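[1] Have a look; sequence and predicted model below, questions after that.
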Amino acid sequence: MNMPPNLIDNTDYHILQLLIGDSTLSHKDIGAMVHLTGQAVGARVRRLRELGIIEGYTIRYNPLRMGQNIHAFITVFLSSNKDHPPFQAFAKTHESVTELYRISGEGCYWMRVRTVDQDALTAFLDELLKYGNYRINLDMGQIK
């Protein structure tokens, strides 16, 4: 664990790891695991949020059970520098885009896309062509 000295201690780090594993744990339950009261854990969690170490809470879900059967990883190659703002607006607002990163190396952006079927993916890719070209890889199964 390489962190600036005095930023967080081993107990804070343990609390953080427990929350990463299951963000629904109560402060009382975490306290039992780290040998603190629930109130003391709550104070540490608040401090971790104030430091910006904890940025928010999320859930894991099963996209297949929601009908999102196609999972694609797309590298985007924009046609010109002028395309960045409109492309970003498109990607941020399109419901199929679940993640978007500006990248170095090959390509301009990397995005994760989930659609209900091949037709929806094709329609998405047709829209994407307004901004440039792409390379697509389809999910064949999650390992980790």
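    Thanks, I have it. Everything numeric here is computed off the predicted structure, so don't read it as measured data. Numbers count the residues shown, from 1 in each chain.

[2] Can you classify the residue nearest to the spatial centre of the chain by secondary structure?
    In the chain, the residue lying closest to the centroid (C-alpha atoms, centre = their mean) is residue 99, at 6.3 Å. What DSSP: H, G, I helix; E, B strand; the rest coil gives for residue 99 is strand.

[3] ditto for residue 124
    Per three-state DSSP, residue 124 ends up helix.

[4] Could you pick out the longest strand of the protein?
    The strand spanning the most residues in the chain, taking DSSP state E as the definition, is strand 70-78.

[5] That strand - contacts with which helices or strands?
    helix 84-93, strand 109-115, helix 118-128, strand 132-138 (3 or more C-beta pairs under 8 Å, 6 or more residues apart in numbering; DSSP states H and E). For every residue, glycine as well, the C-beta is placed using N, CA and C.

[6] which one of those is the most hemmed in?
    strand 109-115 (a mean of 20; mean count of other C-beta atoms under 10 Å).

[7] what's the angle between it and helix 84-93?
    30 degrees (axes from the mean of the first three to the mean of the last three C-alpha atoms, to 10 degrees).

[8] ok so, going back, tell me which of the helices and strands packed on strand 70-78 lies nearest to residue 68.
    strand 109-115 (4.1 Å; C-beta to C-beta).

[9] Relative to the whole chain's centre, how far out is the closest one?
    11 Å (C-alpha atoms, centre = their mean, to the nearest Å).

[10] now stretch 40-57
    Worked out by C-alpha atoms, centre = their mean, stretch 40-57 lies 19 Å from the chain centre.

[11] Give me the contact list for it.
    7-8, 11-12, 15-16, 19, 23, 27-28, 30-31, 34, 36 (C-beta atoms under 8 Å, 6 or more residues apart in numbering).

[12] Verify the stated contact: residue 110 with residue 103.
    Yes. At 5.0 Å, residue 110 and residue 103 qualify as touching, with contact defined as C-beta atoms under 8 Å.
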